[in-house]
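Undergrad: Structure for this input, please:
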Amino acid sequence: MTTLPHPASRKPMLIVAPLAVALGALGGLAADSAPFVGVGAVTGLVWAGLAALLARPLLRLRDTMAADFAILGAAFVVMVTFGAGLAQHVMYPTSEAYLGLMQSPASGGATGLFMALNPLAEWLLVPAALALAWHRPRQRRLLLAAATVYYLQRLATYLYFAPTVLSWSQGGAPAGVQLWITLDVARMALDLIVVTILATAVIARKR
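TA: Below you'll find the predicted structure:
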C-alpha cells in the first residue's frame, strides 16, 4: 500500500481494503447471486488498490476547498436519492400501489437512478470527504458521525431493502410490502440526518 504523507491519514487507510471488499460483497449479496458476491468483493479490492495509489496526490488537496466540495457533493447525492424515494411514497401511498409500481417496467427508471447515485456517494464522495478533511478535528468528528449513519443505512439496504424489492418480481404479499414501506420511511429519515450532519461539517470549517 502506498505510504501516506500524513501519519493521521494512515489509520483510516488501513481499514479501507477489508471494508471495500465487504461492501462490494454485500452489494453482490443483495442480488441474491453467489457469482455477484465474488464480483462485488473483487470490485471492492480493485477499488481499494486504486484508492491506495491515488491517496498521495489526493491528500495534497487537503488544504484547499476540495474537502468542502466532496462533502457538499455527498450531501447533494444523498438528498437527490431521498427526494426520489419521497416522490415514490407520495405518488404511490398504499402498499398495493407501491407493489404495482415495483412490479411494473416503470420501476426501472428509479432503480437506475439509485444504482447510479448510491455508489457515487458510497464509493467516492463520502470516502473522499473523510480523507480530505481528516486533518481537521471538528470536521472529522462530524464526518465520522455522518459516515457511520450512512453506511449503516447502506448495510440495511444490502441486507434487507434491496433483496426484498428484487423478490417482488416473483410476487409479494401486501402485508410484507407495508412493512417494507414503513421501514423505508425510517431509512429515508436517516438520509436527512446524514445530509444535516454533512451540511454542519461544511459550516463548522468556517467558524
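Undergrad: and the longest helix seen in the chain, which residues are buried?
TA: In the chain, taking DSSP state H as the definition, the longest helix is helix 174-205. Along helix 174-205, the positions that meet the burial threshold by neighbour count (16 or more other C-beta atoms under 10 Å) are 177, 180-181, 184, 187-188, 190-191, 194-195, 197-202, 204. Quick note: C-beta positions are derived from backbone N, CA and C, even for glycine.
Undergrad: Could you list the low-confidence segments of this protein?
TA: Low-confidence segments of the chain, defined by pLDDT under 70, span residues 1-18, 21, 24, 28-45, 47-64, 170-174, 206-207.
Undergrad: which residues in it form helices?
TA: Taking DSSP H as the criterion, the chain carries its helices at 10-14, 16-30, 34-59, 66-91, 95-102, 107-119, 126-133, 137-156, 162-167, 174-205.
Undergrad: Please identify the deepest-packed of those helices.
TA: helix 126-133 (a mean of 24; mean count of other C-beta atoms under 10 Å).
Undergrad: and it, what does it pack onto?
TA: helix 34-59, helix 66-91, helix 137-156, helix 174-205 (3 or more C-beta pairs under 8 Å, 6 or more residues apart in numbering; DSSP states H and E).
Undergrad: switch the cut-off to 6 Å
TA: In this structure, helix 126-133 packs against helix 66-91, helix 137-156, with contacts taken as 3 or more C-beta pairs under 6 Å, 6 or more residues apart in numbering; DSSP states H and E.
Undergrad: Which one, of the ones you listed, ends up nearest to Val46?
TA: helix 137-156 (19.0 Å; C-beta to C-beta).
Undergrad: just the angle between the closest one and helix 66-91, please?
TA: Comparing the axes of helix 137-156 and helix 66-91 via axes from the mean of the first three to the mean of the last three C-alpha atoms, to 10 degrees yields an angle of 40 degrees.
Undergrad: I figured Gln202 hits Gly73, correct?
TA: Careful, residue 202 is Val; it's not Gln. No. Contact between Val202 and Gly73 fails when scored by C-beta atoms under 6 Å: they sit 10.9 Å apart.
Undergrad: what sits up against stretch 107-126?
TA: Contacts of stretch 107-126 from elsewhere in the structure, counted by C-beta atoms under 6 Å, 6 or more residues apart in numbering, are 70, 73-74, 77-78, 81, 84, 101, 147, 154.
Undergrad: let's see it at 8 Å
TA: By C-beta atoms under 8 Å, 6 or more residues apart in numbering, the surrounding residues in contact with stretch 107-126 are 20, 23, 47, 70, 73-74, 77-78, 80-81, 84, 88, 101, 146-147, 150-151, 154, 157.
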